[in-house]
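**Q** please work out how this folds:
(2 chains)
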Amino acid sequence: DGGITQSPKYLFRKEGQNVTLSCEQNLNHDAMYWYRQDPGQGLRLIYYSQIVNDFQKGDIAEGYSVSREKKESFPLTVTSAQKNPTAFYLCASQPQRGQHNEKLFFGSGTQLSVL
Amino acid sequence: DQQVKQNSPSLSVQEGRISILNCDYTNSMFDYFLWYKKYPAEGPTFLISISSIKDKNEDGRFTVFLNKSAKHLSLHIVPSQPGDSAVYFCAASWVYNNAGNMLTFGGGTRLMVKP
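**A** Residues are numbered from 1 along each chain as shown, chains lettered A, B, ... in the order given. Reported below is the predicted structural model:
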């Protein structure tokens, strides 16, 4: 079955530690996105990538880093510079770059908490 | 500044009645609007969309209305069912930087349908 897989489902981070959230898709989608959801708030864009080896900052990129070495994979690293990392992180993909095709397909999310 | 706003954080309706979820936007560049449904600890799933050239789109129990002059859209669910209880996100899209379509999300409305 095609889809987006995020792992782990739950992750705990210690002070000063970098952690990496995995996102893999087998939908052959060009574009991939990382969003953050805080309780009672909407989805805020962290980073996005429209094509392999290229990515752009979203609205709240500070304290995060990404890579896009393969079409299928778009991992997100939450660095120690992110002072308030506790949130629900969602990865999404979109079929084609440049097309008027806005529907996003989301993974099931990773809940990150600080110890 | 929030370009997409859902001013009601929660809504409670009786099973069988109509649920009306509202969304306002400020950016006149938006030309496509979507609604997503999200259950706790899961990723959002696409529900229904509408292009700016239309004022209504219907899919089964779900209808989205768009009032461009008022920059307002609404989602109607008739009849409401307990399984509809979830958080509903409104999202708006525009062609960004000739490279794809960016979605801007509202803050979400939690719908509770009482049996």
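**Q** any weak-confidence spans in the chain?
**A** Assuming you mean chain A. Applying pLDDT under 70 to chain A flags the ranges A:1-2, A:97-102.
**Q** correction: the question concerned chain B.
**A** Across chain B, the ranges flagged by pLDDT under 70 are B:1, B:95-101.
**Q** how about the residues of it by chain A?
**A** Counting by CB under 8 Å from any CB of the partner chain, chain B comes close to chain A at B:4, B:6, B:9, B:32, B:34, B:36, B:41-46, B:49, B:89, B:91, B:93, B:95, B:98-103, B:105-108. Yep, even glycine has a C-beta here, placed from its N, CA and C like the rest.
**Q** so the residue nearest to residue A:60 when sequence neighbours are not counted, which of the three states?
**A** The shortest distance from residue A:60 to any residue other than its chain neighbours is 5.1 Å, reached at residue A:44 (CB to CB, 6 or more residues apart in numbering or on different chains). Using DSSP: H, G, I helix; E, B strand; the rest coil, the structure places residue A:44 in strand.
**Q** quick one, what contacts residue A:44?
**A** With contact set as CB atoms under 8 Å, 6 or more residues apart in numbering or on different chains, residue A:44 has these partners: A:35, A:36, A:37, A:38, A:58, A:59, A:60, B:105.
**Q** okay, and the beta partners of the second one?
**A** When you say that, I think you mean residue A:36. Using DSSP bridges, the bridge partners assigned to residue A:36 are residue A:44, residue A:89.
**Q** state the distance from it to chain B.
**A** Distance of residue A:36 to chain B, computed by CB to the nearest CB, to the nearest Å: 11 Å.
**Q** how deep is that residue tucked in, by neighbour count?
**A** Residue A:36 has 24 neighbouring residues, counting by other CB atoms under 10 Å in any protein chain shown.
**Q** wait, doesn't it sit right on residue A:91?
**A** No - contact status for residue A:36 versus residue A:91: not in contact, 10.8 Å apart, counting by CB atoms under 8 Å.
**Q** ok, which stretches of chain A are helices?
**A** Shown for chain A, no helices are assigned by DSSP state H.
**Q** write out the residues of it neighbouring chain B.
**A** Going by CB under 8 Å from any CB, the residues of chain A near chain B are A:4, A:6, A:9, A:31, A:35, A:40-45, A:48, A:50, A:88, A:90, A:92, A:94, A:97-109, A:111.
**Q** nearest the geometric middle of chain A, what residue?
**A** The centroid of chain A falls nearest to residue A:34 when counting by CA atoms, centre = their mean (2.8 Å).
**Q** show residues contacting the longest strand seen in chain B.
**A** Criterion DSSP state E: the longest strand present in chain B is strand B:86-96. Here strand B:86-96 makes contact (CB under 8 Å, 6+ apart) with A:42-43, A:100, A:102, B:3-4, B:6, B:21, B:23, B:25, B:27, B:29-39, B:44, B:47, B:73, B:75, B:101-106, B:108-111.
**Q** so which of those residues are in strands?
**A** Those of the contacts of strand B:86-96 lying in strands (DSSP E): A:43, B:4, B:21, B:23, B:25, B:32-38, B:47, B:73, B:75, B:101-105, B:109-111.
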